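Student: Here is a sequence together with a model predicted from it:
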Amino acid sequence: MQTQPLTRRIWLRYAVAVILVVIAAALRIWPLEGLGVRLAYLTFYPAVMITAIYGGLSVGLVATALSALT
């Protein structure tokens, strides 16, 4: 009875990680394209940090991996 809300909260954390990285990638494509490749951390660093604070270590590592792949 108690496992369903717990698993839903865990998957919500991973969904937030994916959504924040997608938003950061979208910001890199359109409004911040003039920054170039040198400042890629400027958009992905806040997304990873917010995700790590919200979701914890494992979710932060997933966000880091997604940011690196992007």
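Tutor: All right, it came through fine.

Student: pLDDT wise, what is the nearest residue to T70 once chain neighbours are set aside at?
Tutor: Nearest non-adjacent residue to T70, counting by CB to CB, 6 or more residues apart in numbering: A25, 4.8 Å away. For glycine as for every other residue, the C-beta is placed from the backbone atoms N, C-alpha and C. As predicted, A25 sits at a pLDDT of 85.

Student: And A25, which helix or strand is it part of?
Tutor: For A25, the element it lies in under DSSP states H and E is helix 3-29.

Student: buried set for that helix?
Tutor: By 16 or more other CB atoms under 10 Å, the buried positions in helix 3-29 come out as 13, 16-17, 20-21, 24-25, 27-28.

Student: closest to S67 among these?
Tutor: Taking CB to CB as the measure, S67 lies nearest V21 of the buried residues of helix 3-29, at 5.5 Å.

Student: so where's this structure shaky on pLDDT?
Tutor: Along the chain, the parts satisfying pLDDT under 70 run over 1-3, 32-38, 40.

Student: which residues does the residue nearest to G56 when sequence neighbours are not counted contact?
Tutor: Spatial nearest neighbour of G56, chain neighbours left out: R13 (7.2 Å); criterion: CB to CB, 6+ apart. Under the criterion of CB atoms under 8 Å, 6 or more residues apart in numbering, the contact list for R13 reads 54-56, 59.

Student: If any of these are buried, give me the PyMOL selection for them.
Tutor: A single PyMOL command selects the buried members of the contacts of R13 (16+ other CB under 10 Å):
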select buried, resi 55+59
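
Student: Save the contacts of R13 as TSV, and put in distance to Q4 too.
Tutor: Output for the contacts of R13, formatted as TSV (distance: CB to CB, whole Å):
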residue	distance to Q4
Y54	21
G55	19
G56	20
V59	20
